[in-house]
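Chemist: the amino acid sequence is not available; the structure is as follows:
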């Protein structure tokens with residue numbers, strides 16, 4: 001069923017592996033449309049090219065139909081560099097040339113609308129938002145229940161010389177993630193999808209957990225239910241700067257963002273923006289460029305830099321250290337969720353926070369404390385309620 005595009009563009013999900021779960025008339029309708037699209041290609045295609053374009057059409061169309069029925073934008077990279085080497089897009093069967101042509105053609109023929117792009121916080125780089133039109137649903141009237149996500153291949157290795165298929169069942173990441181997804185597959189929540197673990201370039205970079213509902217605005221996450229039961233979201237306060245302090249064997253302060261904001265005389269949000277850019281960038285100039293959206297000029301940037309260094313000695317600015325922190329964050333998340341599986345408690349990740357059933361709030365708080373302490377040299381986290389419904 002077609003749903004009009006939401007006003008909030010943040011309700012976006014990158015293209016994911018999808019398949020039709022119910023065969024029959026709906027599958028034949030899609031096959032006919034795919035054949036029509038490939039056979040009417042403006043230039044002559046080889047047999048292999050036909051297969052490539054057909055696969056790209058199929059995956060993009062299924063995501064548009066699935067996400068459009070949920071009121072979610074489909075996001076895809078339009079950059080040639082994002083398809084170079086062993087990338088996520090390559091692993092799910094997309095190519096730069098074919099996917100770009102498919103999007104442009106479907107847009108030209110009125111089956112989708114292209115919206116403003118955004119920089120993904122999950123390591124996908126810059127993505128373009130797509131949303132289906134009612135015309136697409138009329139052309140391929142799939143029932144919502146016909147489309148299902150692929151719950152296999154949930155570890156994604158971006159930029160590696162090998163793919164995740166080489167990992168054995170006993171690999172600690174695969175063992176925990178397989179158990180988590182097997183358990184969560186029987187649960188129900190909005191924008192349900194498998195939990196994916198995404199690394200970038202090496203095992204110590206990236207490593208965050210990703211699921212489709214993470215892009216819901218906080219206000220909507222507050223209304224999220226699991227198995228139709230109310231939930232609570234607990235958050236690690238000021239997680240990245242406190243992690244840096246723990247790694248440097250310095251007792252973390254309660255809220256480094258607020259400490260720096262008071263010292264400089266700016267908002268906490270501006271400090272958080274600076275810290276995010278400083279940790280995520282490999283060049284100082286790039287970090288400053290990223291800070292402009294937080295209304296940070298050069299003079300303020302210099303003051304924030306000095307105040308951060310004073311509060312957190314050896315702060316790893318401009319080294320791309322944010323990827324390392326994300327890896328540790330991902331390992332903590334895997335351990336918290338795996339502990340939930342053992343207890344029969346569903347836990348959903350939102351980067352540095354977790355959602356569980358309201359009656360398990362005390363258990364989740366205790367487990368989050370235990371795992372943060374285990375991974376960060378015995379120091380304790382600060383945990384606060386982000387949302388409670």
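Modeler: In hand now; what should we look at? Just so it is clear, the structure is predicted and the values come from calculations on it, not from any experiment.

Chemist: hmm, which helix or strand of this protein has the shakiest average pLDDT?
Modeler: strand 147-149 (a mean of 65; mean pLDDT, DSSP states H and E).

Chemist: now for the helix or strand just after that strand, which elements pack on it?
Modeler: Next in sequence after strand 147-149, counting helices and strands by DSSP states H and E, comes strand 155-158. Strand 155-158 is packed against helix 88-91, helix 172-184, strand 196-200, with contacts defined by 3 or more CB pairs under 8 Å, 6 or more residues apart in numbering; DSSP states H and E. Yep, even glycine has a C-beta here, placed from its N, CA and C like the rest.

Chemist: counting neighbours, which bits of the second one end up buried?
Modeler: Pointing back at helix 172-184 there. 173, 174, 176, 177, 178, 180, 181, 183, 184 (16 or more other CB atoms under 10 Å).

Chemist: what's in contact with that helix?
Modeler: 151, 154-155, 164, 167-169, 194-195, 197, 334-335, 337-338, 340-341, 344, 346, 348 (CB atoms under 8 Å, 6 or more residues apart in numbering).

Chemist: ok, and what's touching the helix or strand containing residue 310?
Modeler: Using DSSP H and E, residue 310 sits within helix 298-311. Helix 298-311 has contacts (CB under 8 Å, 6+ apart) with 241, 253, 256, 259-260, 263-264, 266, 270-271, 274-275, 278, 288, 291, 296, 315, 317.

Chemist: now do the helix or strand following it against helix 172-184, angle only.
Modeler: As assigned by DSSP H and E, the chain's next helix or strand after helix 298-311 is helix 322-343. For helix 322-343 against helix 172-184, the angle by axes from the mean of the first three to the mean of the last three CA atoms, to 10 degrees is 50 degrees.

Chemist: can you give me the offset of helix 322-343 from its chain's centre?
Modeler: Helix 322-343 sits 15 Å away from the centroid of its parent chain (CA atoms, centre = their mean, to the nearest Å).

Chemist: quick one: mean pLDDT for that helix?
Modeler: Across helix 322-343, pLDDT averages out at 95.

Chemist: stretch 221-237 too?
Modeler: For stretch 221-237, the mean pLDDT works out to 93.

Chemist: can I assume residue 291 sits in a helix?
Modeler: Yes. Looking at residue 291 with DSSP: H, G, I helix; E, B strand; the rest coil, it is inside a helix.

Chemist: and it, how many neighbours?
Modeler: Neighbour count for residue 291, taken as other CB atoms under 10 Å: 22.

Chemist: that one and residue 119: what is the separation?
Modeler: 14 Å (CB to CB, to the nearest Å).

Chemist: residue contacts, residue 336?
Modeler: Counted by CB under 8 Å, 6+ apart, residue 336 has contacts 347, 349, 354, 364, 367, 368, 371.

Chemist: just list the residues touching the closest residue to residue 193 other than its chain neighbours, thanks.
Modeler: Nearest non-adjacent residue to residue 193, counting by CB to CB, 6 or more residues apart in numbering: residue 212, 4.2 Å away. Residue 212 makes contact with 13, 16, 72, 191, 192, 193, according to CB under 8 Å, 6+ apart.

Chemist: can you read off the backbone torsions of residue 212?
Modeler: For residue 212, the backbone dihedrals (degrees, to the nearest 10) come out as phi -60, psi -30.

Chemist: and it, what pLDDT?
Modeler: 79.

Chemist: quick one: average confidence on stretch 283-301?
Modeler: In this model, stretch 283-301 has a mean pLDDT of 96.

Chemist: measure it end to end?
Modeler: End-to-end distance for stretch 283-301, by CA to CA, to the nearest Å: 14 Å.

Chemist: what are the buried residues along it?
Modeler: Neighbour counts over stretch 283-301 (16+ other CB under 10 Å) mark 287, 288, 290, 291, 294, 296, 300, 301 as buried.

Chemist: what's the answer for stretch 204-214, then?
Modeler: Using 16+ other CB under 10 Å as the test for burial, stretch 204-214 gives 205, 206, 207, 208, 209, 210, 211, 212, 213, 214.

Chemist: and those, which of them are in helices?
Modeler: Among the buried residues of stretch 204-214, none falls in helices (DSSP state H).

Chemist: could these go into JSON lines alongside distance to residue 83?
Modeler: What follows is the buried residues of stretch 204-214, written out as JSON lines (distance: CB to CB, whole Å):
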{"residue": "205", "distance to residue 83": "19"}
{"residue": "206", "distance to residue 83": "18"}
{"residue": "207", "distance to residue 83": "22"}
{"residue": "208", "distance to residue 83": "21"}
{"residue": "209", "distance to residue 83": "24"}
{"residue": "210", "distance to residue 83": "19"}
{"residue": "211", "distance to residue 83": "24"}
{"residue": "212", "distance to residue 83": "22"}
{"residue": "213", "distance to residue 83": "27"}
{"residue": "214", "distance to residue 83": "24"}
